[in-house]
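Visitor: only geometry, no sequence info:
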């Protein structure tokens, strides 16, 4: 009986010692389950925050070419180029800097925005009749204070000022004009206070996300 018990214990030890260790080397695809553990956020090239969480708390990539993101309904198509590290998830573009069996690090690059509608230049130039324009120019401006803007659906009051730039919004989202005259889309991190008013912690236009495999 003792020999039998000893034999079973030896088999158990052998099974544990023969258990393959997880692969931690380079991967040619992000297929798998990833947990966000850290995020660095930048605005106009300046680091504005580093958090122990990512924009995506968890994301799973499947071989069929779609992924699921925790907290977001549905499945999203993705395309990954192993040579360049370019990753497109739905309408967002990323650059994968590190991809191993242990970790994945990727930078947000940009969004793919719908093309602006085609307009008729002649229509755009017709701003009113000559009489209307003369009337407007001859009417003296009154120094009346502007009414404060109402918060938008996210609770943001626009225009907003941040790091010396004015943030506004169009149909594609929030944006500012940088020093080169380029339109840069951005987003914010914030919380609601006891009065249900939005307190913005910071704005960011790009970010780096760190994930570990699970």
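Guide: In hand now; what should we look at? Here the structure is a predicted model, which means the values were calculated and not measured.

Visitor: could you use CA atoms for every contact and neighbour count after this?
Guide: Will do.

Visitor: next structured bit after the helix-or-strand element of the chain with minimal mean pLDDT?
Guide: Sorting the helices and strands of the chain by mean pLDDT, DSSP states H and E puts helix 130-138 at the bottom, at a mean of 40. Per DSSP states H and E, helix 130-138 leads on to strand 160-162 as the next helix or strand towards the C-terminus.

Visitor: same for that following strand, what does it pack against?
Guide: For strand 160-162, the elements it packs on are strand 165-170, judged by 3 or more CA pairs under 8 Å, 6 or more residues apart in numbering; DSSP states H and E.

Visitor: buried residues of the helix or strand just after the strand it packs on, list them for me.
Guide: Next helix or strand after strand 165-170 toward the C-terminus (DSSP H and E): strand 173-177. Neighbour counts over strand 173-177 (16 or more other CA atoms under 10 Å) mark 174, 175, 176 as buried.

Visitor: nearest to residue 195 among those?
Guide: For those, the minimum distance to residue 195 (CA to CA) is 24.0 Å, reached by residue 174.

Visitor: mean confidence score for stretch 27-46?
Guide: Stretch 27-46 carries an average pLDDT of 97.

Visitor: and the longest strand anywhere in the chain, how far out from the chain's middle?
Guide: The longest strand of the chain (DSSP state E) is strand 32-43. With CA atoms, centre = their mean, to the nearest Å as the basis, strand 32-43 stands 10 Å off its chain's centre.

Visitor: give me the contact list for whichever helix or strand comes after that strand.
Guide: Next helix or strand after strand 32-43 toward the C-terminus (DSSP H and E): strand 46-51. Applying CA atoms under 8 Å, 6 or more residues apart in numbering, the contact partners of strand 46-51 are 38, 39, 40, 41, 42, 202, 203, 204.

Visitor: ok, the fourth one - contacts?
Guide: Just to be clear, that refers to residue 41. 47, 48, 49, 50, 204, 205, 206, 207, 208.

Visitor: how does it look with 6 Å?
Guide: Residues near residue 41 by CA atoms under 6 Å, 6 or more residues apart in numbering: 47, 48, 49, 204, 207.
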